[in-house]
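**Q** My questions concern the predicted model and sequence given below.
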Amino acid sequence: MRSAQEALSRMELRQEAAEARQAQLIQQAVQAMQAKAAQPIVKEEEAHRVPTPQVLSERDAAPIPVAPVNVEAIQAETVRRAQEMAQAELDRRWQQQRSEVEAEKAAWAADFQRS
């Protein structure tokens, strides 16, 4: 009976360690996504360093209105989506882990009853 309790205790410790690793990986992923979202967005217009003379004359003739870009809203949306994806992945892994633990417990119980 003591070895059964020890085996169950080891399974629980392994599960807790796996959960801690998953939480750490998800936290790292969220931090990486937040850092990526915080980087400035380079507009295509700014990427072109030397405009052609034809483009200059068109700009002088009729200025093109530029729609304001709410960078903070875009970054917040990017972070929100990243967190949703990370949460979905965590939920999927959690269910998989629980299924594996339940299968291991069932196998252990069957082995215990046979002995």
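**A** The structure has been received and is ready for your questions.

**Q** All the helices of this structure, in order from the start?
**A** Taking DSSP state H to define them, one finds helices in the chain at 2-38, 44-47, 53-61, 71-114.

**Q** Turn those helices into TSV, including mean pLDDT and mean neighbour count.
**A** Using the backbone N, CA and C atoms, a C-beta is placed for each residue, glycine as well. Shown next, in TSV, are those (pLDDT from 0 to 100; neighbours: other CB atoms under 10 Å):
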stretch	mean pLDDT	mean neighbour count
helix 2-38	82	12
helix 44-47	52	8
helix 53-61	55	9
helix 71-114	90	12
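
**Q** give the contact list for the residue nearest the centre of the chain.
**A** Centroid-nearest residue in the chain, with CA atoms, centre = their mean: residue 86, separated by 3.4 Å. Residues counted as contacts of residue 86 (CB atoms under 8 Å, 6 or more residues apart in numbering) are 26, 29-30, 33.

**Q** how does it look with 10 Å?
**A** Counting by CB atoms under 10 Å, 6 or more residues apart in numbering, residue 86 touches 25-30, 33.

**Q** and which of these is nearest residue 92?
**A** Nearest to residue 92 among the contacts of residue 86: residue 26, at 11.3 Å, using CB to CB.

**Q** Columns distance to residue 66 on top of the contacts of residue 86, output as JSON lines?
**A** Listed next are the contacts of residue 86 as JSON lines, based on distance: CB to CB, whole Å:
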{"residue": "25", "distance to residue 66": "40"}
{"residue": "26", "distance to residue 66": "38"}
{"residue": "27", "distance to residue 66": "38"}
{"residue": "28", "distance to residue 66": "37"}
{"residue": "29", "distance to residue 66": "34"}
{"residue": "30", "distance to residue 66": "32"}
{"residue": "33", "distance to residue 66": "28"}
